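> Make a model of this:
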Amino acid sequence: MKLSAITVAAAVSTALVFSMASPSAQAQSATYMVEPTHTFVTWEAKHFGTSTSRGRFDKKSGSITIDRQAKTGKAEITIDMKSMNTGVAPFDKHLTGDDFFAAEKFPEAKFVGTGFKFDGDKVVEVAGTLTMRGKTNPVTLKGTAFNCYMSPFVKREVCGGDFETTITRSQYDMSYGLPGIPDAIRLLIQIEAIKTE
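From the prediction side, this is the model:
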């Protein structure tokens, strides 16, 4: 069966369109490395119905990949559990001990998020899993103030925002102090990440 010149030309034209469109689609996917000086992971817990105890983890790392066109993404954030900081050394020691985070045995916690939800170009939710103390449970982070900007310091695009969720600590084998110290713990993640070259 012979193909007409018009048919061949159309096939070649279609192939060129797809080959040109492919790099464009791929260009929408970008990877960002966590910028630690503007990234904080903090927690809040009521103390026997009175004051709110707070602490943060000083060391964290990871990467985020976002495809704005496909409305997809992936986040992998690792937290150094030994870097717990409440500003009170004896309290830090208790929290990193076996009653709570057991940081010697489980030195890292990791969040892996693959369920990205967008409002336009802004990330408003990331669903995934949090692994801590050897237990993995589903977690959904709700985002506000997501934005990207060109950093005048590193001369690259930086994206970030404020995210939060509530975890049930007993799901991670942390039942110490219940019910005086609640099971529901609020996690707040302030994050910025720099686009890789």
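> drop to CA atoms for contacts and neighbour counts, all remaining ones
Fine.
> Where does the residue lying closest to residue 186 once chain neighbours are set aside fall, secondary structure wise?
Nearest non-adjacent residue to residue 186, counting by C-alpha to C-alpha, 6 or more residues apart in numbering: residue 166, 4.4 Å away. Here residue 166 sits within strand 157-168, counting by DSSP states H and E.
> following that strand, which helix or strand comes up?
Where DSSP H and E defines the elements, the next helix or strand beyond strand 157-168 is strand 184-195.
> and the residue sitting nearest the centre point of the chain, what is it in contact with?
Central residue of the chain (C-alpha atoms, centre = their mean): residue 75, 4.8 Å from the mean position. Counting by C-alpha atoms under 8 Å, 6 or more residues apart in numbering, residue 75 touches 62-65, 111-114.
> Apply 6 Å and report the result again.
When contacts are counted by C-alpha atoms under 6 Å, 6 or more residues apart in numbering, residue 75 touches 63-64, 112-113.
> Skipping adjacent residues, who's closest to it in space?
Nearest residue to residue 75, sequence neighbours excluded (C-alpha to C-alpha, 6+ apart): residue 64, at 4.3 Å.
> Who are the contact partners of the one you found?
Contacts of residue 64 (C-alpha under 6 Å, 6+ apart): 31-32, 74-75.
> quick one: which of those sit in strands?
Per DSSP state E, strands hold the following members of the contacts of residue 64: 31-32, 74-75.
> for the protein, what spans make up the helices?
Using DSSP state H, the helices of the chain run over residues 5-27, 89-96.
> which of these has the lowest average pLDDT?
With a mean of 39, helix 5-27 has the lowest mean pLDDT of the helices of the chain.
> Strand partners (parallel or antiparallel) of the longest strand along the chain?
If you go by DSSP E, the chain has its longest strand at strand 135-150. Sheet pairing for strand 135-150, assigned by DSSP bridges, gives strand 122-132 (antiparallel), strand 157-168 (antiparallel).
> Adding mean pLDDT, distance to residue 100 and mean neighbour count as columns, could you present these in CSV?
Shown next, in CSV, are these (pLDDT from 0 to 100; distance: least, C-alpha to C-alpha, whole Å; neighbours: other C-alpha atoms under 10 Å):
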stretch, mean pLDDT, distance to residue 100, mean neighbour count
strand 122-132, 98, 11, 20
strand 157-168, 98, 13, 19
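> Adding distance to residue 182, write those out as JSON lines.
Shown next, in JSON lines, are the strands paired with strand 135-150 (distance: least, C-alpha to C-alpha, whole Å):
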{"stretch": "strand 122-132", "distance to residue 182": "18"}
{"stretch": "strand 157-168", "distance to residue 182": "9"}
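> that older thread, quick one, the strand holding residue 166 and strand 184-195 angle?
Counting by axes from the mean of the first three to the mean of the last three C-alpha atoms, to 10 degrees, strand 157-168 lies at 160 degrees to strand 184-195.
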